[in-house]
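Student: What shape does this take:
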Amino acid sequence: MKKRGFWVNATKFCREFISKPQGRLGLIILGLFIFVAVAAPILTPYDPIDDLYLAEGMAKPAWAKVLPGNSKLPVTVHTRLGFNEWQVASGEDLHNAEEIKENAFAIKTTPGEFSKLVHDVNYKTDPPGNFHFETRYSIDASEETTTVLAFVIVDPNGKEWRLWEKKIFGSLKPQDLLIDSRQLDLKTRLGLTIFDEASKVIFAKKGQYKVLLRAYSEGEPAIITMEPVAVNIQGKLHGVLGADHMGGDLWSQLIYGARISLIIGIVAALIAVFIGTAIGIASGYIGGFVDEFFMRLADVMLSIPTMPVLIILSSLIGKNIWNVVILIALFSWTSTARIVRSQTLTLKERAFVEAARASGASKTYTMLVHILPNVIPLVFAALVLLIPGAILYEATLSFLGLGDPTTPTWGRMLHNARSFGAFTMRAWWWILPPGLAITLLSLSFVFIGNTLDEILNPRNKERA
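Tutor: Below is the predicted model of the structure:
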């Protein structure tokens, strides 16, 4: 019977909650943020902290290309040139080297002849920012064989820019190859000064470019095996929300920020509610000195300006996300304690509590078994209403530079935007999304909490 009654009450509660427009809207918004937080690795390929220099600083969103004045801005390129992306211009053999790595490829040279792999690029925009190519290669050849391997770009006028070249004697174990347009030896090879930007010189013209992997061997044939070439060209248009001052992807920071905000809000609220519930029940049921001590402590906590104290303590104990959570929780339990105490004062006069005391039940047993279950609805509503406050506290601390610098949060995004000129440059794609996200997530919990309070609070039922 108890189980059946529980399901009947739960069904009735759900129907009543769904009937409230505010509750429905809050659930929809919260569900969207939960989906984004869970699916973050699917929604973005970038790490919000470690992946930097993906684009030029403060690059605009890629879709801004359709706006006036942005049509010629270079778009960020992040791709991998594998087996299917290369064409054989000359060479004896090209095959997929799957036994080494998926989509790796190999070419067999003919002694005395150049072997070439070609990838065509149709470039139609202004010169990009820095670029780099990264891969891993190896050579299988006899000790008498000399192999020359080169990485070349040919511009629309047919001019060759030899970015990298190496002479190898015999075989070579797998080696990393990184070509960065900022490398001094690359600039020297191209005849540029240290102040020149190689990307601006190489991609100065619009038209058909060719990327060449060129090999030459003397002696016997050599087999050159290469993993897919990672191509990264920094443009002024990038991704869904553009890039920050370090070329970091703002979309990934926003997506992973949803995870952190939910975790901070929920954990801080849980700790605060646990403390507040314990104090509220003890104060209301035991009374006397216990009640007087905890209520005066609550009065003191309420009289303290929370944010200035959080700022001081955060700067003293260190910039760690869990320190922030604990500090927020320690300053957020008072409202829950007062609500629970008020309800406990009413409950302890009820007949079932009097009967428990008369039967010899201890105070601890009475509080846990008879009082606690009856205040749970109020506690749950208080929990939901505390979450947006915790989110706003964390965002404020991070905005002021007191958050964890190793954790992607919306407050940290706004802090970087303020510190590195986004407001001055009117980089709205950097400023608006985190602000709107904080507002919407906080509103979702406020809507849900108000609906829960309207349904579960006994005082509202008494007024009705």
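Student: can you list contacts of stretch 291-298?
Tutor: Here stretch 291-298 makes contact (C-beta atoms under 8 Å, 6 or more residues apart in numbering) with 279, 282-284, 334, 337-338, 341. Just so you know, the C-beta spots here come from the backbone N, C-alpha and C atoms, and that holds for glycine as well.
Student: quick one: which of those residues is nearest residue 202?
Tutor: Nearest to residue 202 among the contacts of stretch 291-298 is residue 334, at 63.7 Å by C-beta to C-beta.
Student: What is the neighbour count of that closest one?
Tutor: Neighbouring residues of residue 334 were enumerated by other C-beta atoms under 10 Å; the total is 22.
Student: Excluding chain neighbours, what is closest to it?
Tutor: Distances taken as C-beta to C-beta, 6 or more residues apart in numbering put residue 298 closest to residue 334, at 4.4 Å, once the chain neighbours are dropped.
Student: could you measure that neighbour against residue 17, distance?
Tutor: Taking C-beta to C-beta, to the nearest Å as the measure, residue 298 falls 30 Å from residue 17.
Student: Ok, residue 262 next?
Tutor: Relative to residue 17, residue 262 is positioned 20 Å away (C-beta to C-beta).
Student: Same check on residue 199?
Tutor: Separation of residue 199 from residue 17 (C-beta to C-beta) stands at 57 Å.
Student: With residue 325 instead?
Tutor: Taking C-beta to C-beta, one finds residue 325 at 28 Å from residue 17.
Student: More neighbours: which of the two?
Tutor: Neighbour count, other C-beta under 10 Å: between residue 325 and residue 17, residue 325 has more, with 23 against 19.
Student: Now do the same contact list for the more buried one.
Tutor: Residues in contact with residue 325 (C-beta under 8 Å, 6+ apart) are 264, 267-268, 271, 390, 394.
Student: ok, for it, nearest residue in space, not its chain neighbours?
Tutor: In space, residue 325 is closest to residue 268, 4.8 Å off (C-beta to C-beta, 6+ apart).
Student: For the one you found, pull up the helix or strand it's in.
Tutor: helix 250-286 (DSSP states H and E).
Student: heading toward the C-terminus, what's the first helix or strand past that helix?
Tutor: Next element after helix 250-286 (DSSP H and E): helix 288-303.
Student: isn't residue 82 right up against residue 228?
Tutor: Yes. If you go by C-beta atoms under 8 Å, residue 82 and residue 228 touch, sitting 3.9 Å apart.
Student: Can you give me the neighbour number for residue 440?
Tutor: 13.
Student: what about the nearest residue to it once chain neighbours are set aside, how many neighbours?
Tutor: In space, and not counting its chain neighbours, residue 440 is closest to residue 29: 5.6 Å by C-beta to C-beta, 6+ apart. Residues within reach of residue 29, counting by other C-beta under 10 Å, total 18.
Student: and residue 25, how far is that from residue 219?
Tutor: Residue 25 is 75 Å from residue 219, by C-beta to C-beta.
Student: Repeat that for residue 120.
Tutor: For residue 120, the distance to residue 219 equals 32 Å [C-beta to C-beta].
Student: ok, the two, which is more surrounded?
Tutor: Neighbours per residue, other C-beta under 10 Å: of residue 120 and residue 219, the larger number sits with residue 219, 16 against 11.
Student: Now do the contacts for the more buried one.
Tutor: By C-beta under 8 Å, 6+ apart, the residues touching residue 219 are 111, 141-142, 144-146.
Student: Separate out the buried members of the residues you listed.
Tutor: 141, 145-146 (16 or more other C-beta atoms under 10 Å).
Student: so of these, which ones are in strands?
Tutor: Among the buried ones among the contacts of residue 219, the members falling in strands (DSSP state E) are residue 146.
Student: Redo the buried ones among the contacts of residue 219 as TSV? Include pLDDT.
Tutor: Shown next, in TSV, are these (pLDDT from 0 to 100):
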residue	pLDDT
141	86
145	87
146	89
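Student: neighbours of residue 382, just the number please.
Tutor: Neighbourhood size, residue 382 [other C-beta under 10 Å]: 27.
Student: the domain parsing of the protein - what is it?
Tutor: Per automatic domain parsing, the domain ranges recorded for the chain read 2-46+249-463, 77-233.
Student: on that earlier part again, any idea which of the contacts of residue 219 is the one closest to residue 232?
Tutor: For those, the nearest to residue 232 is residue 141 (30.2 Å; C-beta to C-beta).
Student: That closest one: what's it in contact with?
Tutor: Each residue near residue 141 by C-beta under 8 Å, 6+ apart is listed here: 147, 168, 170-171, 217, 219-223.
Student: Selection in ChimeraX covering whichever of those residues are buried, please.
Tutor: The buried residues among the contacts of residue 141 can be selected in ChimeraX (16+ other C-beta under 10 Å) with this line:
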select :147,168,217,219,221,222,223
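Student: Let's see which of the contacts of residue 141 end up in strands.
Tutor: Residues of the contacts of residue 141 located in strands (DSSP E): 147, 168, 217, 223.
Student: ok, what's across the strand from the last one?
Tutor: Spelled out, it's residue 223. Beta-bridge pairing for residue 223 (DSSP bridges): residue 108, residue 140.
Student: ok, now the third one?
Tutor: Applying DSSP bridges to residue 217 yields these beta-bridge partners: residue 147.
Student: who touches the closest residue to residue 447 other than its chain neighbours in this structure?
Tutor: Leaving aside its chain neighbours, residue 447 sits nearest to residue 26 (3.1 Å; criterion: C-beta to C-beta, 6+ apart). Residues in contact with residue 26 (C-beta under 8 Å, 6+ apart) are 443-448, 451.
Student: can you redo these as JSON lines with neighbour count, distance to residue 154 and pLDDT?
Tutor: What follows is the contacts of residue 26, written out as JSON lines (neighbours: other C-beta atoms under 10 Å; distance: C-beta to C-beta, whole Å; pLDDT from 0 to 100):
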{"residue": "443", "neighbour count": "16", "distance to residue 154": "56", "pLDDT": "91"}
{"residue": "444", "neighbour count": "23", "distance to residue 154": "55", "pLDDT": "91"}
{"residue": "445", "neighbour count": "26", "distance to residue 154": "58", "pLDDT": "89"}
{"residue": "446", "neighbour count": "17", "distance to residue 154": "60", "pLDDT": "88"}
{"residue": "447", "neighbour count": "23", "distance to residue 154": "60", "pLDDT": "91"}
{"residue": "448", "neighbour count": "25", "distance to residue 154": "61", "pLDDT": "89"}
{"residue": "451", "neighbour count": "24", "distance to residue 154": "65", "pLDDT": "87"}
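Student: can you tell me which two in those residues are farthest apart?
Tutor: So, the contacts of residue 26 by C-beta to C-beta: farthest apart are 443 and 451, at 12.5 Å.
Student: In this protein, where is pLDDT below threshold?
Tutor: Filtered on pLDDT under 70, the chain yields the residue ranges 1-10, 90-103, 457-464.
Student: Could you pull out the strands in it for me?
Tutor: Assigned by DSSP E, the strands in the chain fall at 77-81, 87-90, 93-96, 105-108, 114-123, 131-140, 146-154, 160-169, 172-180, 207-218, 223-226, 229-233.
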